[in-house]
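Trainee: Okay, here's the prediction I keep looking at, along with the sequence it came from:
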Amino acid sequence: MRLTVLGPWGAYPTAGEATAGYLLEHNGQKILLDCGSGVLSVVQKYVKLEELSTAFISHRHHDHIADLGCLQYACLIDSDLDKRRDPLQIYIGGEAVSESDPYRTMKGSVVHSVLENDIWNLHGMEWSFFKTFHEVYCLGVKIIVDNKTLVYTADTYFDESLIRFCKDADVLIVETSFYADIQNARQYGHMNSMEVGQLAKMANPGKVVLTHLPHFGNTASLVEEVKQNYSGEVVLAKSGLVFDL
Ligand SMILES: [Zn+2]
Ligand SMILES: [Zn+2]
């Protein structure tokens, strides 16, 4: 499977970039992990929107879902133009959607809910989920293909129970919202770089990718701070960065 980073930013995008969004490709399937602000524009550098088969949304914060409504409009238009054959399957972390939900099934896309105990077998990929520690219901995800494991934490504060889910991932995409000197990251529902280092040390992934990055300070120093606790490979997420597993 191949993962392409579309958006490395937390909260809002920098000029021409995007907040949370990743393109996952396997067995001809093209899947969006989160659809934050700017993702709909950036993803078209890599695929046509009508090629997307599935979108997984970790939670309903704007920096993870902001572009979903416009993606649904694209699916509607592409269906009318006969460019999209099958509706986009959209899975949003949390309970079933209501009639008043801004994101609901329309022509070209079907909206489902997904919960932490769900398990999917999707075109040769095994998906499982974990409920993270965040202000709203939020799901991290683990995807296994041919003994290769990708874990995406989505948004969470540090809790030791995360270790089990991240254990021995080949690639761990982990939110790193704050520098080490912000010691109350938990209050904001996020992790600082020291906590990410602790998590990495205990989970022992093949590679750690820092994402959901802050808009202040020198983000390169996040890598150095994580390395104070963890001796493995650490990279900073960046638009266009590709991981083949
Ligand atoms: Zn976020
Ligand atoms: Zn969030």
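Mentor: All right, it came through fine. Ligands and ions are numbered 1, 2, ... in the order given.
Trainee: wait, Leu245 sits on Ile173?
Mentor: No: counting by C-beta atoms under 8 Å, Leu245 does not reach Ile173; the two are 11.5 Å apart. No exception for glycine: its C-beta is placed from N, CA and C like everyone else's.
Trainee: Show me which of the two is the more surrounded one.
Mentor: Under the neighbour definition other C-beta atoms under 10 Å, Leu245 and Ile173 were set side by side, and Ile173 has more, 28 against 20.
Trainee: The more buried one bridge partners, please.
Mentor: Tyr152, Val209 (DSSP bridges).
Trainee: about what we covered before: mutual contacts of Leu245 and Ile173, please.
Mentor: Leu3, Leu150 (C-beta atoms under 8 Å, 6 or more residues apart in numbering).
Trainee: Is it correct that Leu88 is in contact with Ser109?
Mentor: Yes: under the criterion of C-beta under 8 Å, Leu88 is in contact with Ser109, at a separation of 4.3 Å.
Trainee: shared neighbours of the two, which are they?
Mentor: Common neighbours of Leu88 and Ser109 (C-beta under 8 Å, 6+ apart) are Leu71, Gln72, Cys75.
Trainee: dump the residue contacts of the first one.
Mentor: It stands for Leu71. Contacts of Leu71 by C-beta under 8 Å, 6+ apart are Leu32, Cys35, Leu40, Leu49, Leu52, Ala55, Leu88, Ser109.
Trainee: And the pLDDT for the second one?
Mentor: Right, the one you point to is Cys35. On the pLDDT scale, Cys35 is placed at 98.
Trainee: Report how many residues lie close to it.
Mentor: Neighbours of Cys35 using other C-beta under 10 Å come to 33.
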